[in-house]
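Colleague: no FASTA, just this:
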């Protein structure tokens, strides 16, 4: 076994003040450069890099050993800190170097399949397969230091504000919460399954019934759903619940947390109270329930202006109960050619739009002040009236969609953010936070047409709307709220139903039978028989918060060992087949036909 050199410093800590000191370092060789009588190597650990030197004063055996070093060898060195003759302003240790007089090689490395440097530009699948190498990069180390700091700030803030950290079970009963559950078969109880929790929702409500008053935990959660850039099958929530509170109480505590978090992690003072938009206002103005407020391009409704036109697309949309809306891109006419608009139209079709109408604030060949793809259907006067709704000026570009309200909102909500990205308006160093409140209580299931809870079935309706539950449940608003940061939903919650009769009424509207209520949620409903306090809470997506705070908008980069788009761990090979004996223990039968085909 190699002799251990006990380090006195880490590789990113040495400065001019250490010149003349005898020090010891441990780490990985980032780079070795041999120049005959001189050997330079960059020694790296999680804190940074220090240049180590072997020269003509170095003993021959030590020099010869240094010559054998290659990238990613793990070593220890002792030496004297001295001033560098050619300083490196890009390194925090760039004013000094270490002249080595002792060297130990702890382990050698084969040539790594990926470069351990921030700008390696390597294929994502290769990065995930060799994640332990990818995580050595300084950028990745910095991300996980921030994630660590976020968790420490979280624990301190909520502990200081009277919250008790309580763990809830990971093996639970399957309940319908919107996404598919990951199921775990029980060996002891044949034919039954646990589910991995999509959230600790029911258990945190039970903790309120248990009298904990204020609960929080940093909870692991699991959802078997299609993945995207800001979603993973296993993720972490900052989860909390509070008793004897209303919405204002909950949001005030969360705003204090966010203010503390941004100050501690980014040095940014966010102004309180945060802006609030109702769900309806967010959709009307931005086409999204998670609007990005770092730029304008607000939606404008054109129904009254274009009503009765000869343009069939607009008329058909209005006659079928749809909308005609548009956005105005400041100075957009010069930035988007006809070909560019065609590309935007193709993108819009992914959201259900059949096409886009465009209006440019510039003269055409005939001298008209306004050019449009619908010039032959509208006079210059009518186009000027449309343009007036947007208060557009010369050089602006207007894009209009006409269809069902949801299609129009989805299309224009996507376009405003997509175009802002193309124009460089998404400044990740700037943060716009807001609450979106008063969500609809129910929405229609696209496949069955039945009503389902927009958030979850335990969300409390607005008190003023409870009388409408029997008359018109689609008009009922929920006491629900989402925190939105730069166009991302960073967390969401609600007041909860604590009255058993109201909870049963919500289940009735959702056509969940009394038998199914008892089967799926009986343990919660039974708890409500014994005194449940008014309560509510919220869950922040820890990984999304870190993603936003680091400016790295790929959620895989803030998860140590993430899954790919197919929910596979390329490093370990999960999910993978298991031996037939294990399946038999779990009382799971394997199809012989399937086995033979394989």
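Modeller: Good, I have the coordinates. The structure displayed is predicted, hence computed values, not measured ones. Numbering: from 1, shown residues only.

Colleague: can you classify residue 376 by secondary structure?
Modeller: coil (DSSP: H, G, I helix; E, B strand; the rest coil).

Colleague: tell me the spacing between it and residue 306.
Modeller: 15 Å (C-beta to C-beta, to the nearest Å). Using the backbone N, CA and C atoms, a C-beta is placed for each residue, glycine as well.

Colleague: higher neighbour count, these two?
Modeller: residue 306 (25 against 8; other C-beta atoms under 10 Å).

Colleague: how close does the more buried one get to residue 312?
Modeller: In terms of C-beta to C-beta, residue 306 sits 12 Å off from residue 312.

Colleague: what's the answer for residue 516, then?
Modeller: Residue 516 is 47 Å from residue 312, by C-beta to C-beta.

Colleague: higher neighbour count, these two?
Modeller: residue 516 (14 against 10).

Colleague: next, the closest residue to the more buried one other than its chain neighbours: secondary structure please.
Modeller: Computed as C-beta to C-beta, 6 or more residues apart in numbering, the closest residue to residue 516 that is not its neighbour in sequence is residue 507, at 8.0 Å. Classification of residue 507 by three-state DSSP places it in helix.

Colleague: isn't residue 507 up against residue 458?
Modeller: No - if you go by C-beta atoms under 8 Å, residue 507 and residue 458 don't touch, sitting 10.1 Å apart.

Colleague: so where's the stretch 101-250 of the chain shaky on pLDDT?
Modeller: 176-178 (pLDDT under 70).

Colleague: which residues of it fall in strands?
Modeller: Taking DSSP state E, counting those that start in this stretch, the strands of the stretch 101-250 of the chain run over residues 164-165, 183-185, 193-195, 214-222, 234-243.

Colleague: with respect to burial, which of these scores highest?
Modeller: Counting by mean count of other C-beta atoms under 10 Å, strand 234-243 has the highest mean neighbour count of those, with a mean of 23.

Colleague: tell me how many other residues surround residue 260.
Modeller: 17.

Colleague: likewise residue 181?
Modeller: 20.

Colleague: residues in contact with it?
Modeller: Contacts for residue 181 (C-beta atoms under 8 Å, 6 or more residues apart in numbering) come out as 174, 195-196, 198, 222, 224.

Colleague: repeat the analysis, applying 10 Å as the threshold.
Modeller: 172-175, 193-198, 222-224 (C-beta atoms under 10 Å, 6 or more residues apart in numbering).

Colleague: and which of those residues is nearest residue 408?
Modeller: Residue 408 has its nearest neighbour among the contacts of residue 181 in residue 223, at 28.9 Å by C-beta to C-beta.

Colleague: wait, the closest one sits on residue 199?
Modeller: Yes - in this structure residue 223 lies within contact range of residue 199 using C-beta atoms under 10 Å: 8.9 Å.

Colleague: more neighbours, the two?
Modeller: residue 223 (21 against 18).

Colleague: can you tell me how far residue 258 sits from residue 201?
Modeller: Taking C-beta to C-beta, one finds residue 258 at 22 Å from residue 201.

Colleague: still on that earlier bit, common neighbours of residue 507 and residue 458, please.
Modeller: 497, 521.

Colleague: quick check: buried residues in the lengthiest helix in the chain?
Modeller: Assignment by DSSP state H gives helix 138-160 as the longest helix of the chain. Neighbour-count burial for helix 138-160, counted by 16 or more other C-beta atoms under 10 Å, picks out 138, 140-141, 143-144, 146-147, 150, 153-155, 157-158.
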